[in-house]
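Student: Sequence first, then the predicted structure:
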Amino acid sequence: MLRNYCFLIIFAVTASATSAQTKPSPSASPGPSVQTRDSAPFNLAEFGVSFQPDAGLFIVMAALDAAGFDPTPVGREPSAFRALLRKDQANLDAGLRERLTTYYQRHKLPAPATSADQAARYVSLAYALGPPPSLAAPEHFDELPAGVLDVLDFGPMVREFFKQSGIEGRLPAYVRAAQAESDRLRQPAAEMVRAVLSYLHTRPILVTNERVRVKSPDNKKNAQTAYTYRQHERRFFIVPDLMAAPGTVNFRVIADDYYAIVPEGTDLSSSELRRAYVQFVIDPLVLKFNKEIAARREQVKQLIDARVKAGGESSTDAFTVVSRSLIAAADARFEESQRLAELTSWQRLRLQQARDDAVRASIGKEAGASRAAIGDETTARLAEDYEKGALLDFYFADQFRDVGASGFDIASFLGDMVASFDPAREGKRLAEAADARTRALAARKAHPAYSLWLIDPSAESRDAADTSRSSALTRSLREIETLLQTKNYEQAEIRLKALLQENPGDARLLFTLGQTASLWARDTTDDDLQSQRLNRALANYRLATQAAAPETDKALLSRAHEAMGRILAFLERNDEAMKEFEAAIKLGEVTGGAYRDAMEGKRKLAQP
């Protein structure tokens with residue numbers, strides 16, 4: 001049974017550059033640190049985060065693909081995983097496919113709905129149904145949002161699809177592919193979580209207390225009502241969705257569980273996932289300070305009434321307005337702080353390289369223009385959220401700037417922040433932001449590599465082509481990783497060799513060729529063929545180590561040396577194997593490397 005079934009789809013924002021009206025009094029203790037020792041891994045579980053590939057989501061989205069849903073951009077080939085899925089479903093019963101297609105077409109959202117909009121209701125349906133194999137319908141329809149109710153009749157067809165398609169036997173391979181995407185996301189997710197919590201100087205609340213009425217054992221009418229508290233664990237799940245529309249994170253909140261459904265290839269440094277995690281941190285703080293918010297309900301209502309009277313959008317609930325505003329403001333200030341830090345680093349580097357005062361003056365002028373552009377962009381993003389109902393986001397953004405500079409836990413200031421806003425002042429914010437917003441919108445249109453331009457205007461034309469090529473190569477490597485997870489080694493090798501012709505000497509491609517040959521050898525029973533593939537793997541790993549840059553490719557070098565050590569040990573070339581393990585160990589415990597595996601390999605070789 002679902003408790004407090006609440007669904008939200010998040011949207012991205014940045015920050016504001018307006019001045020603060022009221023500084024919170026610095027009466028609190030500094031916030032708890034989220035830093036860890038360099039030698040200790042950052043444990044996401046300590047901050048409520050885990051990865052959870054979802055079999056039910058695979059089944060619903062596979063049925064949706066059979067129904068004709070296709071988020072592939074025009075002119076592009078389907079992802080490797082979607083192509084594999086369609087191959088697996090080629091023999092699906094024609095009658096069932098027709099019924100699925102008819103249902104999907106009849107329930108399509110009208111234009112200008114995007115592929116992500118079309119998929120969102122079915123993603124919600126996947127979380128409303130029970131787990132496989134039953135995929136049972138939800139018990140309480142009144143707890144479901146309207147979007148799910150619109151497609152609830154797709155549920156029986158999903159159950160029929162599950163029984164007839166044979167997908168049950170293929171699910172383990174599909175889940176392995178999602179786990180590979182989880183592995184890719186783990187390190188950037190840790191960096192995102194650490195950065196957000198360091199900025200807010202806080203730790204997430206991971207347990208909530210629910211006040212529960214206790215029935216009197218004697219059932220007397222005059223018995224005094226008693227209450228107890230029931231604890232609930234709060235969790236933030238990152239769910240890789242290999243069939244999602246590219247570029248859109250679906251976010252679902254079901255009671256105390258938060259689900260961020262992430263498309264393949266998502267860049268967590270700039271994705272909506274960060275905002276989802278900000279909400280995970282902010283939501284329990286709003287509950288904690290509910291009395292302070294309730295005391296300001298009338299002032300919030302003034303803002304709501306004024307916005308509605310002007311024909312704008314807003315929730316009628318004061319707590320919702322405060323929550324949305326805090327989330328928008330926190331994410332905004334974080335984004336701005338990241339950009340300003342990058343700008344400062346860029347300016348410092350350029351100044352170190354400058355040879356005369358004229359060049360230094362030019363660098364300073366460019367940096368000043370970039371700071372102004374960043375301010376315009378963050379103001380514009382806050383204005384966009386204000387129009388969506390975050391009516392206090394400008395105010396909270398001012399407060400976050402001061403609190404962030406203080407180094408104190410944001411939770412210690414929230415009560416004072418809520419108590420200090422002036423509704424008349426906040427009602428004028430949108431009009432005051434108009435000029436900055438116009439400049440930001442014009443800059444977005446003028447600069448294709450807008451995020452890059454904000455930091456370094458001179459680098460846009462220089463780096464845009466390289467960035468595009470790098471992104472395309474990274475995307476292709478992720479698709480090849482899916483082929484490897486599903487043991488389609490021949491196709492993976494064909495794709496890699498074609499990419500190597502376009503990108504000769506690329507260390508990542510050479511390493512992945514070695515990985516492909518090694519995995520293929522592992523699944524080969526013919527001794528001669530296995531030996532050929534292992535030696536091909538060794539050759540490609542060796543080429544990868546020669547092509548890699550020692551300063552920037554330490555993880556790849558570590559993994560390549562360790563992989564060669566394992567192969568050589570299997571081939572009983574122990575002296576050579578020991579050298580490779582030692583080479584990996586010499587690189588140290590680099591993030592994403594194979595230090596511990598190399599240590600274990602060396603230990604086994606040293607045994608008599």
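Tutor: Alright, I've got the coordinates.
Student: and Ser345, how many residues sit next to it?
Tutor: Using other C-beta atoms under 10 Å, the number of residues around Ser345 comes to 11. C-beta here means a position set from N, CA and C on the backbone, and glycine is covered the same way.
Student: before we move on, what about His232?
Tutor: 14.
Student: From the centroid of this protein, which residue is nearest?
Tutor: Most central residue of the chain, judged by C-alpha distance to the mean C-alpha position with C-alpha atoms, centre = their mean, is Leu273 at 3.5 Å.
Student: Would you confirm that that residue contacts Ile261?
Tutor: No - with contacts counted by C-beta atoms under 8 Å, Leu273 stays clear of Ile261, the gap being 9.8 Å.
Student: Overlap of the contact sets of the two?
Tutor: With contacts taken as C-beta atoms under 8 Å, 6 or more residues apart in numbering, the residues that reach both Leu273 and Ile261 are Val249.
Student: Just give the number of residues close to the closest residue to Val403 other than its chain neighbours.
Tutor: Sequence neighbours aside, Phe413 is the residue nearest to Val403 in space, at 5.2 Å (criterion: C-beta to C-beta, 6 or more residues apart in numbering). The criterion is other C-beta under 10 Å. On that basis, Phe413 has 22 neighbouring residues.
Student: my guess is Phe413 meets Gly407, correct?
Tutor: No - using C-beta under 8 Å, Phe413 makes no contact with Gly407, being 11.6 Å away.
Student: who touches both of those two?
Tutor: If you check Phe413 and Gly407 against C-beta under 8 Å, 6+ apart, no residue is contacted by both.
Student: Okay, and the beta partners of Arg235?
Tutor: The residues listed as beta-bridge partners of Arg235 by DSSP bridges are Asp257.
Student: give the contact list for Val278.
Tutor: Val196, Ile327, Ala330, Asp331, Phe334.
Student: hmm, try it at 7 Å
Tutor: Val278 makes contact with Val196, Ile327, Ala330, Asp331, according to C-beta atoms under 7 Å, 6 or more residues apart in numbering.
Student: again, but for Thr228
Tutor: Contacts of Thr228 were listed using C-beta under 7 Å, 6+ apart, and they are Val212, Val214.
Student: hmm, back to that, and which of the contacts of Val278 is nearest to Glu384?
Tutor: Nearest to Glu384 among those: Asp331, at 12.2 Å, using C-beta to C-beta.
Student: isn't the closest one right next to Ala276, touching?
Tutor: No - contact criterion C-beta atoms under 7 Å: Asp331 and Ala276 do not qualify, at 9.7 Å.
Student: ok, these two, which is more surrounded?
Tutor: Using other C-beta under 10 Å, the more surrounded residue of Asp331 and Ala276 is Asp331, with 31 against 26.
Student: Distance-wise, check that one relative to His201.
Tutor: Applying C-beta to C-beta, to the nearest Å, one obtains 16 Å for the distance of Asp331 from His201.
Student: can you check Ala330 too?
Tutor: Separation of Ala330 from His201 (C-beta to C-beta) stands at 12 Å.
Student: Who has more neighbours out of the two?
Tutor: Here Ala330 and His201 are set side by side on neighbour count (other C-beta under 10 Å), and the busier one is Ala330, at 28 against 22.
Student: Okay, and the residue nearest to that one when sequence neighbours are not counted sits in which element?
Tutor: Excluding its sequence neighbours, the residue lying closest to Ala330 (C-beta to C-beta, 6+ apart) is Val278, at 5.1 Å. With secondary structure defined by DSSP states H and E, Val278 is part of helix 273-288.
Student: same thing with Arg159?
Tutor: Using DSSP H and E, Arg159 sits in helix 154-165.
Student: again with Tyr229
Tutor: Tyr229 belongs to strand 226-233, assigned by DSSP H and E.
Student: Convert that strand to PDB, retaining C-alpha atoms only.
Tutor: Extracted as PDB, the C-alpha positions of strand 226-233 are listed here (Å, rounded to 0.1, in the frame of the first residue of the first chain):
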ATOM      1  CA  ALA A 226      -2.800   9.000  23.500                       C
ATOM      2  CA  TYR A 227      -0.200   9.300  20.800                       C
ATOM      3  CA  THR A 228       3.000   7.600  19.900                       C
ATOM      4  CA  TYR A 229       5.600   8.200  17.200                       C
ATOM      5  CA  ARG A 230       6.500   5.900  14.300                       C
ATOM      6  CA  GLN A 231       9.800   6.300  12.500                       C
ATOM      7  CA  HIS A 232      10.200   6.200   8.800                       C
ATOM      8  CA  GLU A 233      13.500   6.000   6.900                       C
END
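Student: Hmm, Ala137 is touching Gly155, no?
Tutor: Yes - applying C-beta under 7 Å as the test, Ala137 and Gly155 come out as touching, 5.4 Å apart.
Student: Quick check: neighbours shared by these two?
Tutor: Counting by C-beta under 7 Å, 6+ apart, the contacts common to Ala137 and Gly155 are Leu129.
Student: From Val281, how far off is Glu46?
Tutor: Glu46 sits at a distance of 14 Å from Val281 (criterion: C-beta to C-beta).
Student: So for the two, which residue has more residues nearby?
Tutor: Neighbours around Glu46 and Val281, counted as other C-beta under 10 Å, are more numerous at Val281. The numbers are 24 against 13.
Student: What separation is there between the more buried one and Ile327?
Tutor: Plainly put, Val281 is 9 Å away from Ile327 if you go by C-beta to C-beta.
Student: and what of Asp506?
Tutor: In this structure, Asp506 lies at 40 Å from Ile327, with C-beta to C-beta as the measure.
Student: so where's the chain uncertain?
Tutor: Of all residues in the chain, those with pLDDT under 70 make up the ranges 1-41, 146, 215-224, 404-405, 459-471.
Student: Would you state the helices of the stretch 401-550 of the chain in chain order?
Tutor: With DSSP state H, counting those that start in this stretch, the ranges of helices along the stretch 401-550 of the chain come out as 414-418, 423-426, 429-432, 434-446, 450-455, 460-485, 489-502, 507-522, 527-547.
Student: actually the stretch 101-250 of the chain, sorry about that
Tutor: Ranges of helices in the stretch 101-250 of the chain, per DSSP H, counting those that start in this stretch, are 115-128, 146-150, 154-165, 167-200.
Student: Show me what the third one is packed up against.
Tutor: Right, the one you point to is helix 154-165. For helix 154-165, the contact count by 3 or more C-beta pairs under 7 Å, 6 or more residues apart in numbering; DSSP states H and E identifies helix 55-66, helix 94-106, helix 115-128 as packing neighbours.
Student: Buried residues, whichever strand or helix holds Ala372. List them.
Tutor: Here Ala372 sits within helix 357-387, counting by DSSP H and E. For helix 357-387, the buried set under the neighbour-count rule, 16 or more other C-beta atoms under 10 Å, comprises 363, 366-367, 370-371, 373-386.
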